[in-house]
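Asks: Pasted the sequence and its predicted model underneath.
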Amino acid sequence: MVTRRTAEEPAYVLHRYDWSESSLILEVFTREHGRIALVAKGAKRPSSNFRPVLLPMQPLRVAFGGDAEIRTLKSAEWAGGQMMPTGEALLSGYHLNELLLRLLARDDPHPRLFDAYAEAVRVLGSGQGQAEPSLRDAMEPALRAFELILLREVGVLPALDSQTLTLAPLQPDGTYALLPEAGLIAVTPEEGRPWLSGGEWLALEQALADPAPFVATLRQAAHSMPGLKALLRPLLHYHCGVNTLRTRQLMIDLHHL
C-alpha cells in the first residue's frame, strides 16, 4: 500500500495541543487541502526542529503523509517575510483562527479563503493595510473583509444584491439589514436595527466577486464601519453555534481589567 505524501504545501497553524509528553496535535490550514490535523512527533523536545517553527499566524511550507484522519507532519519550514502580530492584532488573529476552526470542515479546500487569510494576517502583522495608513484603521476593515469572504466561501452568506426572501433588487438609497435566519431584508432606520444602504451592500457584493476579493472587500468595508461589524457579529455567532466567540470574550475581559 502506497502512503500519500504532500510536500511544499503552504500552511498556517491554527491551533496546537499536547498529544503526548513529546508530541503535538496541530490544526493546520493549508491552501490545497483545507483544514487538516497533523501530529508533530517530538515537537516538544528541546532539540526538535519544529519548536521554533510551529507558531500561529506564520506562513509555513509543510510536508505531511498518511491516510488516517490525523496525518503525520514530516517537515515544516518558515516561509519568511512576515512579523508576528502583537497586542490587539494578535487577539484579532486568534479571532480569525477560531472562525476557521468552527466553520471549516476538515479536508475541504478553499484556496481563495486561504489567500484572504494570508492577506489578513499580513495586515495584522505589518500594520499597513491596502486602504488605510494606520494599524487600527486597517485592522477592522481587514477583519470584516475576511469574515465576509469566509461566510461566502462556506455558503452561508446570501447574495448581497437582492432581498433574500423576495429576490427584489436592492435600491441604492434603501436601507437593509442582514439577519441570521432571514438574510437581507428591507428595514427603516426608525426600527433601531443596524443597517447598510443598498448602495453599500451592492458595492460589497461587487467586491466579493473581484479577482482580488480581499483587497477589494477591505476597501469597501472601510467605508461601511461600524454598521458592518454590528451586522456580521450575530451572523457569525449564529453559524458558529455560540452566543459569544471565545476570542471576543477574551477581548472583553481584557478591556475590563
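Replies: Everything's here; your move.
Asks: the longest strand in the chain is where?
Replies: With secondary structure taken from DSSP state E, the chain has its longest strand at strand 5-18.
Asks: Check which helices and strands it is in contact with.
Replies: In this structure, strand 5-18 makes packing contacts with strand 24-30, strand 60-65, strand 70-78, helix 87-103, helix 111-126, judged by 3 or more CB pairs under 8 Å, 6 or more residues apart in numbering; DSSP states H and E. In this view, the C-beta of every residue, glycine as well, is placed from N, C-alpha and C.
Asks: so which of the ones you listed gets nearest Asp161?
Replies: Closest to Asp161 of the helices and strands packed on strand 5-18 is helix 111-126 (CB to CB; 19.3 Å).
Asks: quick one: buried residues of the helix or strand following the closest one?
Replies: Along the chain past helix 111-126, the next helix or strand (assigned with DSSP states H and E) turns out to be helix 135-153. Taking 16 or more other CB atoms under 10 Å as the basis for neighbour counts, the residues of helix 135-153 that come out buried are 135, 138-153.
Asks: Ok, stretch 105-116 next?
Replies: Within stretch 105-116, the residues that qualify as buried by neighbour count (16+ other CB under 10 Å) are His110, Arg112, Leu113, Phe114, Asp115, Ala116.
Asks: Send over it as PDB, restricted to the C-alpha atoms.
Replies: These are the backbone C-alpha positions of stretch 105-116, laid out as PDB (Å, rounded to 0.1, in the frame of the first residue of the first chain):
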ATOM      1  CA  ALA A 105     -14.900  21.200   7.600                       C
ATOM      2  CA  ARG A 106     -11.800  19.000   7.500                       C
ATOM      3  CA  ASP A 107     -10.300  18.300   4.100                       C
ATOM      4  CA  ASP A 108     -12.400  20.900   2.300                       C
ATOM      5  CA  PRO A 109     -10.000  23.100   0.200                       C
ATOM      6  CA  HIS A 110     -10.700  26.900  -0.100                       C
ATOM      7  CA  PRO A 111      -7.700  28.400  -2.000                       C
ATOM      8  CA  ARG A 112      -9.400  31.900  -2.200                       C
ATOM      9  CA  LEU A 113     -10.100  31.800   1.500                       C
ATOM     10  CA  PHE A 114      -6.500  30.700   2.300                       C
ATOM     11  CA  ASP A 115      -5.200  33.700   0.200                       C
ATOM     12  CA  ALA A 116      -7.600  36.000   2.100                       C
END
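Asks: That'll do, ta.
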